[in-house]
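> following is a predicted model, sequence given first.
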Amino acid sequence: MVARLDAVVDEIDTHRTELERERAESEQRLTTRISEIMDDRRSSTERKRARSSEAMLDYFEDQGLDDLQVISALLRRKVSATHSAAQRVHLSQAAAEIEAAIGRGAR
(Lines give C-alpha, C1' and ligand atoms only; values in the text may rest on other atoms or scores of the structure.)
Protein backbone atom coordinates (compact mmCIF):
# COMPACT_ATOMS: atom_id res chain seq x y z
CA MET A 1 0.00 0.00 0.00
CA VAL A 2 2.82 2.43 0.90
CA ALA A 3 4.59 1.64 -2.36
CA ARG A 4 1.42 2.43 -4.28
CA LEU A 5 1.04 5.76 -2.44
CA ASP A 6 4.69 6.59 -3.16
CA ALA A 7 4.07 5.84 -6.84
CA VAL A 8 1.02 8.13 -6.86
CA VAL A 9 2.99 10.90 -5.12
CA ASP A 10 5.83 10.51 -7.65
CA GLU A 11 3.33 10.66 -10.50
CA ILE A 12 1.74 13.80 -9.04
CA ASP A 13 5.18 15.41 -8.58
CA THR A 14 6.13 14.53 -12.15
CA HIS A 15 2.87 15.95 -13.46
CA ARG A 16 3.25 19.11 -11.35
CA THR A 17 6.81 19.61 -12.60
CA GLU A 18 5.64 19.17 -16.18
CA LEU A 19 2.81 21.68 -15.67
CA GLU A 20 5.21 24.21 -14.14
CA ARG A 21 7.58 23.80 -17.09
CA GLU A 22 4.71 24.23 -19.56
CA ARG A 23 3.50 27.30 -17.67
CA ALA A 24 6.99 28.84 -17.74
CA GLU A 25 7.27 28.15 -21.48
CA SER A 26 3.82 29.63 -22.07
CA GLU A 27 4.72 32.74 -20.07
CA GLN A 28 7.93 33.10 -22.08
CA ARG A 29 6.03 32.80 -25.38
CA LEU A 30 3.49 35.35 -24.17
CA THR A 31 6.22 37.76 -23.06
CA THR A 32 7.97 37.36 -26.41
CA ARG A 33 4.74 37.97 -28.32
CA ILE A 34 3.93 41.06 -26.25
CA SER A 35 7.42 42.40 -26.98
CA GLU A 36 6.93 41.75 -30.70
CA ILE A 37 3.58 43.55 -30.66
CA MET A 38 5.04 46.52 -28.79
CA ASP A 39 7.96 46.68 -31.25
CA ASP A 40 5.51 46.61 -34.17
CA ARG A 41 3.47 49.40 -32.59
CA ARG A 42 6.60 51.49 -31.98
CA SER A 43 7.73 50.97 -35.56
CA SER A 44 4.28 51.90 -36.85
CA THR A 45 4.19 55.02 -34.68
CA GLU A 46 7.68 56.02 -35.83
CA ARG A 47 6.69 55.55 -39.48
CA LYS A 48 3.57 57.67 -38.96
CA ARG A 49 5.62 60.39 -37.28
CA ALA A 50 8.14 60.34 -40.10
CA ARG A 51 5.38 60.64 -42.71
CA SER A 52 3.75 63.42 -40.72
CA SER A 53 7.07 65.26 -40.41
CA GLU A 54 7.76 64.89 -44.11
CA ALA A 55 4.29 66.17 -44.98
CA MET A 56 4.73 69.12 -42.64
CA LEU A 57 8.12 69.99 -44.12
CA ASP A 58 6.68 69.71 -47.63
CA TYR A 59 3.88 72.07 -46.60
CA PHE A 60 6.34 74.60 -45.20
CA GLU A 61 8.44 74.36 -48.34
CA ASP A 62 5.34 74.83 -50.52
CA GLN A 63 4.51 77.94 -48.50
CA GLY A 64 7.94 79.35 -49.33
CA LEU A 65 9.17 79.39 -45.75
CA ASP A 66 12.89 79.28 -45.11
CA ASP A 67 14.57 77.11 -42.49
CA LEU A 68 14.41 79.68 -39.68
CA GLN A 69 10.73 80.31 -40.31
CA VAL A 70 10.08 76.57 -40.21
CA ILE A 71 12.01 76.22 -36.95
CA SER A 72 10.11 79.14 -35.46
CA ALA A 73 6.77 77.64 -36.52
CA LEU A 74 7.72 74.26 -35.08
CA LEU A 75 8.77 75.87 -31.80
CA ARG A 76 5.48 77.76 -31.59
CA ARG A 77 3.61 74.52 -32.22
CA LYS A 78 5.65 72.79 -29.52
CA VAL A 79 4.86 75.63 -27.07
CA SER A 80 1.14 75.02 -27.43
CA ALA A 81 1.57 71.29 -26.78
CA THR A 82 3.86 71.67 -23.75
CA HIS A 83 2.43 71.39 -20.24
CA SER A 84 5.43 72.71 -18.32
CA ALA A 85 5.27 76.47 -17.83
CA ALA A 86 9.07 76.69 -17.65
CA GLN A 87 9.41 74.79 -20.93
CA ARG A 88 6.78 76.99 -22.59
CA VAL A 89 8.69 80.11 -21.54
CA HIS A 90 11.97 78.65 -22.78
CA LEU A 91 10.49 77.57 -26.14
CA SER A 92 8.70 80.90 -26.57
CA GLN A 93 11.95 82.77 -25.96
CA ALA A 94 13.75 80.60 -28.50
CA ALA A 95 11.01 81.20 -31.07
CA ALA A 96 11.12 84.95 -30.37
CA GLU A 97 14.91 85.01 -30.85
CA ILE A 98 14.58 83.19 -34.17
CA GLU A 99 11.80 85.53 -35.28
CA ALA A 100 13.98 88.51 -34.33
CA ALA A 101 16.82 87.04 -36.40
CA ILE A 102 14.42 86.62 -39.32
CA GLY A 103 13.38 90.26 -38.87
CA ARG A 104 17.04 91.29 -39.05
CA GLY A 105 17.36 89.41 -42.31
CA ALA A 106 19.19 86.31 -41.08
CA ARG A 107 18.65 83.26 -43.24
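Nice, thanks for sending it over. Numbering: from 1, shown residues only.

> please identify the helix or strand for the residue nearest to the spatial centre of the chain.
Central residue of the chain (CA atoms, centre = their mean): residue 42, 5.2 Å from the mean position. Using DSSP states H and E, residue 42 sits within helix 2-62.

> following that helix, which helix or strand comes up?
Counting by DSSP H and E, what follows helix 2-62 is helix 67-81.

> domains of the chain?
Using automatic domain parsing, the domain parsing of the chain gives 1-63, 65-107.

> quick one: residue 42 and residue 35, what's the gap?
As judged by CB to CB, to the nearest Å, residue 42 and residue 35 stand 10 Å apart. (C-beta placed from N, C-alpha, C; glycine too.)

> no wait, residue 99
45 Å.

> which of the two has more neighbours?
The neighbour comparison of residue 99 against residue 35 (other CB atoms under 10 Å) goes to residue 99, with 17 against 10.

> please, which helix or strand holds the more buried one?
Going by DSSP H and E, residue 99 is part of helix 85-103.

> could you point out which residue ranges in this structure have low pLDDT?
Across the chain, the ranges flagged by pLDDT under 70 are 106-107.
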